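**Q** have a look at this fold, sequence not included:
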């Protein structure tokens with residue numbers, strides 16, 4: 001078994017290998033700004049084919065499942081033992097950044113390349129995976145490729161989910177890319193707890209914390225769940241702005257502003273009381289452009305609410321508070337709140353043992369790191385499927401889901417060193 005310092009040095013030597021793949025994928029999916037790689041399209045398939053080509057050049061085993069997920073395997077000493085897997089997604093949001101997802105797919109292959117350079121045969125198979133459809137913008141739900149890999153997407157969804165830009169079904173796009181949606185309806189899932197002992201994902205951080213703390217990587221503690229009201233609205237009455245006294249108004253903007261303000265106060269109070277890793281967002285807030293005017297009391301306001309947390313207790317408290325405040329404000333302001341469907345997901349804890357491998361690798365290599373919760377990623381799907389999962393986040397400037405997303409290659413390599421050390425530790429830990 002190779003020591004972590006030697007593996008880290010070999011990973012560093014592969015920096016230009018990684019950079020070349022990033023730039024080739026960028027060129028293959030360049031948009032007016034940034035990159036656009038729709039899920040199951042020529043663009044995200046091009047990004048996956050780059051990985052396949054390089055994996056074959058390294059002499060790795062390569063295989064595509066019926067959904068079009070790519071597996072690249074470095075054989076281990078015990079081929080019957082459960083493999084250690086790493087990877088991420090190859091699709092992007094429209095005019096997004098080049099590293100969201102693709103950094104993790106490239107990182108997994110860099111680890112395998114470094115092992116090849118050192119002529120290492122790990123105790124068990126090390127497997128890299130490149131998946132499609134993590135971004136919810138394309139089919140209305142996230143993690144489509146990873147759900148298909150673990151058998152967590154009902155077969156009926158293949159014909160129900162429609163890609164936003166084409167109007168065609170998921171099954172049609174999978175078939176167009178050369179894969180077999182019919183096999184997905186009856187074949188067992190390719191990734192299970194019986195054949196995979198751990199899943200590790202490298203991903204760019206999509207916020208400013210690592211920049212602020214001046215450290216290159218973080219070990220994720222958990223993946224936040226969400227309580228979301230995507231189709232909420234407040235209904236009142238349109239009136240003349242100068243003629244209607246306050247006590248007669250059914251002003252939906254002021255009612256919704258009060259709701260949002262009091263929910264923000266609830267958020268702050270919960271954090272002060274010790275609720276960990278919480279976020280609150282009002283992503284949409286608008287009046288009807290066909291009806292609104294500067295001189296009209298607004299009679300309808302549409303909005304969204306989104307609480308995120310690593311605690312299910314906080315999620316339940318937030319859901320209850322939203323309903324309580326909406327009912328109270330509706331009475332006091334003579335309006336009606338129609339909150340609509342509540343959607344979201346439970347928090348997903350990440351495996352403490354595999355997280356420990358990441359922490360130990362960072363500490364052993366002298367790489368500064370931080371622990372923090374993260375947002376939804378493919379790792380959550382593997383964790384929910386019963387596969388121990390963990391994540392390493394890499395410092396990234398200018399946020400994410402925008403064309404200005406930036407990741408320094410040096411920070412990426414530090415993250416891959418941590419990933420590689422943890423993969424080898426997981427391979428040695430039955």
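**A** Yep, it's here. Nothing here was measured: the structure is a model prediction, and the numbers come from that model. Numbers count the residues shown, from 1 in each chain.
**Q** name every strand pairing with the lowest-mean-pLDDT helix or strand in the chain and say which way it goes.
**A** Counting by mean pLDDT, DSSP states H and E, the chain has its least confident helix or strand at strand 343-345, which shows a mean of 86. Its sheet considered, strand 343-345 pairs with strand 225-235 (antiparallel) by DSSP bridges.
**Q** what about the partner strand, average pLDDT?
**A** Averaging the model's pLDDT scores along strand 225-235 yields 95.
**Q** just stretch 114-127 next, same as before
**A** If you average the pLDDT values across stretch 114-127, you get 97.
**Q** just stretch 72-80 next, same as before
**A** This predicted structure assigns stretch 72-80 an average pLDDT of 97.
**Q** what residues does that stretch touch?
**A** Outside stretch 72-80, the residues that touch it by CB atoms under 8 Å, 6 or more residues apart in numbering are 51-52, 55, 60-63, 83, 108-109, 112, 115-116, 121-130, 427. Backbone N, C-alpha and C define where each C-beta goes, glycine included.
**Q** check which residues of that stretch are buried.
**A** Residues 72, 73, 74, 75, 76 are the ones in stretch 72-80 that count as buried (16 or more other CB atoms under 10 Å).
**Q** among the residues you listed, which one lies nearest to residue 242?
**A** Closest to residue 242 out of the buried residues of stretch 72-80 is residue 72 (68.7 Å), distances taken as CB to CB.
**Q** the closest one bridge partners, please.
**A** With DSSP bridges applied, the residues forming beta bridges to residue 72 are residue 62, residue 128.
**Q** just the strands in the stretch 251-400 of the chain please.
**A** Listed in chain order, the strands of the stretch 251-400 of the chain (DSSP state E, counting those that start in this stretch) span residues 279-281, 285-287, 296-297, 300-309, 336-338, 343-345, 348-349, 369-374, 389-394.
**Q** verify the stated contact: residue 88 with residue 377.
**A** Yes - at 7.5 Å, residue 88 counts as touching residue 377 under the criterion of CB atoms under 8 Å.
**Q** give the residues shared as contacts by those two.
**A** Shared between the contact lists of residue 88 and residue 377 (criterion: CB under 8 Å, 6+ apart) are residues 134, 201, 203.
**Q** count of residues packed around the first one?
**A** What it means is residue 134. Other residues near residue 134 number 27, with proximity taken as other CB atoms under 10 Å.
**Q** ok, the nearest residue to it once chain neighbours are set aside - contacts?
**A** Closest residue to residue 134 in three dimensions, ignoring its sequence neighbours and counting by CB to CB, 6 or more residues apart in numbering: residue 89, at 3.5 Å. Under the criterion of CB under 8 Å, 6+ apart, the neighbours of residue 89 are 101-102, 104-105, 130-135, 145-146, 378.
**Q** now render those residues as a markdown table, adding pLDDT.
**A** Listed next are the contacts of residue 89 as a markdown table, based on pLDDT from 0 to 100:
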| residue | pLDDT |
| --- | --- |
| 101 | 97 |
| 102 | 98 |
| 104 | 98 |
| 105 | 98 |
| 130 | 98 |
| 131 | 98 |
| 132 | 98 |
| 133 | 96 |
| 134 | 95 |
| 135 | 94 |
| 145 | 97 |
| 146 | 97 |
| 378 | 95 |
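**Q** point out where the stretch 101-250 of the chain drops to low pLDDT.
**A** For the stretch 101-250 of the chain, no stretch has pLDDT under 70.
**Q** buried deepest among the strands of the stretch 251-400 of the chain, which one?
**A** Compared across those, strand 389-394 shows the largest average neighbour count, a mean of 28 (mean count of other CB atoms under 10 Å).
**Q** I'd like the next helix or strand past it.
**A** Per DSSP states H and E, strand 389-394 leads on to helix 409-428 as the next helix or strand towards the C-terminus.
**Q** what angle do that next one and strand 369-374 make?
**A** Direction vectors for helix 409-428 and strand 369-374, defined by axes from the mean of the first three to the mean of the last three CA atoms, to 10 degrees, enclose an angle of 80 degrees.
**Q** now do the contacts for the nearest residue to residue 140 once chain neighbours are set aside.
**A** For residue 140, ignoring the flanking residues on the chain, the nearest one in space by CB to CB, 6+ apart is residue 161 at 6.5 Å. The neighbours of residue 161, taking CB under 8 Å, 6+ apart as the test, are 139, 140, 141, 144, 169, 170.
**Q** on that earlier part again, filter the contacts of stretch 72-80 down to the ones in strands?
**A** Counting by DSSP state E, the contacts of stretch 72-80 place 61, 62, 63, 83, 126, 127, 128, 129, 130 in strands.
**Q** from the residues you listed, pick the one nearest residue 278.
**A** Residue 278 has its nearest neighbour among the ones in strands among the contacts of stretch 72-80 in residue 129, at 31.3 Å by CB to CB.
**Q** how close does the closest one sit to residue 85?
**A** Distance of residue 129 to residue 85, given as CB to CB, to the nearest Å: 6 Å.
**Q** of the two, give the one with the bigger neighbour count.
**A** Neighbour count, other CB under 10 Å: between residue 129 and residue 85, residue 129 has more, with 30 against 27.
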